[in-house]
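A.B. asks: give me the fold of what follows.
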Amino acid sequence: MFQGTIPGPMRSIVRETASLWPSGPVYVPCCGNFTIERSLAGMGFGLHSSDVSIYTSAVGRWLTRQPVGIQLRDESRDELDWLADSLDDGVGTVATLMLGTRFLASVGRDGLWHERVVRSYREQWKAKHAETMERLASSDVELASYEVEDVRSWLQKVPGDAPVCSFPPFYGGGYEKLYEPLEAHFTWDAPQYEPLSDDDVVSVLGAITDRPYWLTASNHSVPELHPYLRGMIKATPRAAPFYVYASEARTRIVAPRQPIDPVKIPRLREGDELVGPLSLSLLKPGQFNALRSRYLNPRIAPGTANLAVAVRDGRGRLLGVFAMAPSTFIPDEAYVLSDFAVAPTDYPRLSKLIVLAATSAETQLLCQRAFSRRIRRVATTAFSNNPVSMKYRGLLRLTKRSPSNEDGWNFQLQYQGAIGQHTLAEALQMWAKRWGAPTKKTGV
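C.D. replies: You can find the predicted model right below:
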């Protein structure tokens, strides 16, 4: 219901740490999505919160029985008149803004995907809005007070001996960008404030930590608080780490753990001859994780696959694996999360055969069954120190080359291509003719 980027284990750490604090008021500046308040619910604290965003202020005012004070802009009424009856200056308005964070970014934008998103919400609006209001009514979060005020001035009013718990924005523009679509379509009594400068961040940290009881966290290391580092959270392999700092707390480390299942399929090895016909076998998530950990470059962060497939030769031996997920923005596209060949073998370009299998007509059928949609093309991302990926060269089309956003690589390469233009039999024939020559062994 409440949207946020704070990992789940953080709530347990907040609750555990707060159990050491004296009963009474707790102050939460930059409360964002009320993660802290939800973590402390039912512990007997009087929770006092503040923030400056439209979304947070709508929720905070409703939780403290204040008028929400948010209206649809005049210039947005033609496009969003179907929202007008839902704005009641109370829970209805809050539910509208919560749902708005999911579709308002698509309003007025060209493209089939954006049009489908807006149409879907408009057609289902009454049901979705009623469901969201019902979930809000069941919330157990209670606030003693909420103020729309900048963190710098609000902290000056907080008693010096009262606990403070906050996840302030250590980088500029985060929440402003997140709630930009809400600001574009709704008007309210927005406060005037300046984004936090580097000096302001230091000042805010000083005001938070200059007291007996406090806790804060950031998605990057804060050198000034290193003596108070109490934990590190990395909930998933691709998630940014969260560093937890507190005056007093138990030390905690949260690391990702992936399930691993045994894979009993025999594998192509050195000295083995690859024979047809090719076949595809579905893999369980744990089996895919095991094979990925064994063969994929460890510098590539793993993702969660909707469809994981093993490619096998005519003798049932494993040649490689590919994994697919439905594209987020293009309805008829599948995204290749991962593709790799087993090793070592006598075939240095075996990985090209896995790409050909991943774009075969048989794979197209598997994707359409798994994703319940037509799939006509595939896309993938390659990280490389070279300006092209030799694995995809000649098979997929390079659509974009940019500097890598992952450490250890020079380039981030985007590829696209058709799917279903050849069968597995044709894929093996093409690969054998162009890239299937085995490594020649020389005797001594």
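A.B. asks: shaky segments in the protein?
C.D. replies: For the chain, the stretches with pLDDT under 70 are 1-6, 170-176, 298-303, 440-444.
A.B. asks: okay, buried residues for stretch 119-138 please.
C.D. replies: 121, 125, 128-129, 132-133, 136 (16 or more other CB atoms under 10 Å). Glycine gets a C-beta too; all of them are placed from N, C-alpha and C.
A.B. asks: confirm Gly320 sits in a strand?
C.D. replies: Yes: looking at Gly320 with DSSP: H, G, I helix; E, B strand; the rest coil, it is inside a strand.
A.B. asks: quickly list what it is bridged to.
C.D. replies: Listed beta-bridge partners, Gly320: Val311, Ala341 (assigned using DSSP bridges).
A.B. asks: let me see the residues that make contact with stretch 270-281.
C.D. replies: Outside stretch 270-281, the residues within contact range by CB atoms under 8 Å, 6 or more residues apart in numbering are 265, 268, 309-317, 319, 344-347, 350, 353, 357, 362-363, 366, 424-425, 427-428, 436, 438.
A.B. asks: what about the spatially most central residue of the chain, distance to Pro9?
C.D. replies: Relative to the mean C-alpha position of the chain, the nearest C-alpha, by CA atoms, centre = their mean, is the one of Ala239, at 7.4 Å. Plainly put, Ala239 is 11 Å away from Pro9 if you go by CB to CB, to the nearest Å.
A.B. asks: quick one: Gly276 from Ser351, how far?
C.D. replies: For Gly276, the distance to Ser351 - CB to CB - is 18 Å.
A.B. asks: the two: which has the busier surroundings?
C.D. replies: For the pair Gly276 and Ser351, the greater number of neighbours falls to Ser351 (21 against 14), based on other CB atoms under 10 Å.
A.B. asks: that one: which element?
C.D. replies: Using DSSP states H and E, Ser351 maps to helix 350-358.
A.B. asks: same thing with Glu115?
C.D. replies: helix 112-123.
A.B. asks: which helices and strands does that helix pack with?
C.D. replies: In terms of contacts (3 or more CB pairs under 8 Å, 6 or more residues apart in numbering; DSSP states H and E), helix 112-123 is packed against helix 91-103.
A.B. asks: with just CA atoms, put the helix it packs on into CSV.
C.D. replies: Output of helix 91-103 as CSV, limited to C-alpha atoms (Å, rounded to 0.1, in the frame of the first residue of the first chain):
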residue,chain,number,x,y,z
VAL,A,91,-9.0,9.2,2.7
GLY,A,92,-10.4,9.3,-0.8
THR,A,93,-7.8,11.9,-1.8
VAL,A,94,-5.0,9.9,-0.2
ALA,A,95,-6.1,6.8,-2.1
THR,A,96,-6.1,8.8,-5.3
LEU,A,97,-2.6,10.0,-4.8
MET,A,98,-1.4,6.5,-3.9
LEU,A,99,-2.8,5.1,-7.1
GLY,A,100,-1.6,8.1,-9.0
THR,A,101,2.0,7.3,-8.3
ARG,A,102,1.5,4.2,-10.5
PHE,A,103,-0.1,5.7,-13.6
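A.B. asks: packing partners for it?
C.D. replies: Using 3+ CB pairs under 8 Å, 6+ apart: helix 91-103 touches helix 54-63, helix 112-123, helix 125-137, helix 180-185.
A.B. asks: reformat those into JSON lines and put distance to Phe45 next to each item.
C.D. replies: Listed next are those as JSON lines, based on distance: least, CB to CB, whole Å:
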{"stretch": "helix 54-63", "distance to Phe45": "14"}
{"stretch": "helix 112-123", "distance to Phe45": "37"}
{"stretch": "helix 125-137", "distance to Phe45": "21"}
{"stretch": "helix 180-185", "distance to Phe45": "29"}
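A.B. asks: right, so of those helices, which gets closest to Asp88?
C.D. replies: helix 125-137 (9.6 Å; CB to CB).
A.B. asks: and the closest one, what does it pack against?
C.D. replies: Packed next to helix 125-137, using 3+ CB pairs under 8 Å, 6+ apart, are helix 91-103.
A.B. asks: residues contacting the helix it packs on, please?
C.D. replies: 1-3, 54-55, 58-59, 62, 68, 70, 83, 86-87, 117-118, 120-121, 128-129, 132-133, 136-137, 178-179, 181-182, 185-186.
A.B. asks: beta partners for Glu147?
C.D. replies: Here Glu147, judged by DSSP bridges, has bridge partners Ser50.
A.B. asks: how close does it get to Cys31?
C.D. replies: From Glu147 to Cys31 the distance is 10 Å (CB to CB).
A.B. asks: higher neighbour count, these two?
C.D. replies: Cys31 (26 against 20).
A.B. asks: the residue nearest to the more buried one when sequence neighbours are not counted - how many residues pack around it?
C.D. replies: The shortest distance from Cys31 to any non-neighbouring residue, by CB to CB, 6 or more residues apart in numbering, is to Ser49 (4.1 Å). For Ser49, the count of nearby residues is 27 (other CB under 10 Å).
A.B. asks: does Ser49 touch Ser145 like I think?
C.D. replies: Yes: taking contacts as CB atoms under 8 Å, Ser49 lies within contact range of Ser145: 7.4 Å.
A.B. asks: one step back: so which of the helices and strands packed on helix 91-103 is nearest Trp409?
C.D. replies: Within these, the stretch nearest Trp409 is helix 112-123; the backing value is 28.8 Å (CB to CB).
A.B. asks: can you give me the buried ones in stretch 226-246?
C.D. replies: 228, 230-235, 242-246.
A.B. asks: from start to finish, how long is it in a straight line?
C.D. replies: Distance across stretch 226-246, first residue to last, is 10 Å (CA to CA, to the nearest Å).
A.B. asks: chain center to it, what's the gap?
C.D. replies: Offset of stretch 226-246 from its chain centre (CA atoms, centre = their mean, to the nearest Å): 17 Å.
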